[in-house]
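*Asks:* test case, fold it:
(one chain, ligands or ions: 1)
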Amino acid sequence: MNHFTSIHDVPNIEALIHKALSIKHASVFESPIVNPKSNIQNPKTLVLLFFNPSLRTRLSTEKAGLNLGMNVISMNADAGWKIEFEDGVVMDGDKAEHVREAAGVVSQYADVIGIRTFPTLTDRERDYAEVVLRQFQKHATVPVISLESATLHPLQSLTDAVTIEAHKKTARPKVVLTWAPHPRALPQAVANSFVEWMKARDVELVVTHPPGAELAPQFVDNVQIEYNQRKAFEGADFIYAKNWSSYTDYGRIISPKENWTVTAEKMALTNQARFMHCLPVRRNVVVEDAVLDDPSCLIFEQAKNREFAAQAVLEEILNKHT
Ligand code: CP
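*Replies:* Purely as a prediction, here's the structure:
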């Protein structure tokens, strides 16, 4: 694998999911964790640039790099000067450095670069062009992995595919992605990416959301959309909840009249579905306490699996580039 910025960078999705599962298995049954690169003389360096805050992505990717014997450097890239991403501009404003230099310089220290960037949620064309991620990728001289970009979160979705693979009870489980309320305007990245990865898996995928919450057509073409949340939940094996702001009225907070919070009463309509969420989650807004605190809830296993997914991706990239 050369880069990891979306599912389209992955040559063999099935193999990557099973690689993450085998790393997970080894971490449980082989103690201490076998670190295949711990004795190398010239360890590789992973530099993670965060233009937006993160708890899970930061810690799990750092841990994955450490598991592989890498040097790991994380930087809050929003805390310093502003970077210019447009080409050909006269830089006489507040941007101190162009991405051409920034990406080129980071490449002097890194063997792999991770980039975390959120959308503007005001400029749909710019967000969906993935300007920040693509400019870094273009001007870096080492592999780039997405730690969540403006429109996609492939490390989260790989993790979710791993979690579903580990817990499915039927060959073709029913997986429901449900929109849920949130007081702030959130990206569509997790939902877009989840749909993209589930379309590549052998699952019955249903997306349920209120009118006005339609995702970008390139993601949901040929996907079953159900505007009735309760109907969508019937017979589901996995319920994946996530809020996203409007794609059509770009960035608007959607406030339906009906209650879209995931409740224990709605979960009772399912086939004893396992509840999933990428976190962070707003309790009793997105999902009620009783669902999150139920032993069947998979949120902590998802968080743990982030480490194994990141490790599988890093191993694939290091294998290709060392
Ligand atoms: N799920 C996820 O990406 O979490 P963080 O925002 O904490 O990284």
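*Asks:* quick one: distance of stretch 177-192 to the chain centre.
*Replies:* Distance of stretch 177-192 from the chain centroid (CA atoms, centre = their mean, to the nearest Å) equals 12 Å.
*Asks:* span of it from start to end?
*Replies:* 10 Å (CA to CA, to the nearest Å).
*Asks:* that stretch and the ligand, are they touching?
*Replies:* No: using CB under 6 Å from any ligand atom, we find that stretch 177-192 stays clear of the ligand, coming within 7.2 Å at best. For every residue, glycine as well, the C-beta is placed using N, CA and C.
*Asks:* tell me which residues in that stretch are buried?
*Replies:* The neighbour-count check on stretch 177-192 (16 or more other CB atoms under 10 Å) flags 177-182, 185-192 as buried.
*Asks:* same list (these) but as JSON lines, adding secondary structure and pLDDT.
*Replies:* Listed next are these as JSON lines, based on DSSP: H, G, I helix; E, B strand; the rest coil; pLDDT from 0 to 100:
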{"residue": "L177", "secondary structure": "strand", "pLDDT": "99"}
{"residue": "T178", "secondary structure": "strand", "pLDDT": "99"}
{"residue": "W179", "secondary structure": "strand", "pLDDT": "98"}
{"residue": "A180", "secondary structure": "coil", "pLDDT": "98"}
{"residue": "P181", "secondary structure": "coil", "pLDDT": "98"}
{"residue": "H182", "secondary structure": "coil", "pLDDT": "98"}
{"residue": "A185", "secondary structure": "coil", "pLDDT": "98"}
{"residue": "L186", "secondary structure": "coil", "pLDDT": "98"}
{"residue": "P187", "secondary structure": "coil", "pLDDT": "98"}
{"residue": "Q188", "secondary structure": "coil", "pLDDT": "98"}
{"residue": "A189", "secondary structure": "helix", "pLDDT": "98"}
{"residue": "V190", "secondary structure": "helix", "pLDDT": "98"}
{"residue": "A191", "secondary structure": "helix", "pLDDT": "98"}
{"residue": "N192", "secondary structure": "helix", "pLDDT": "98"}
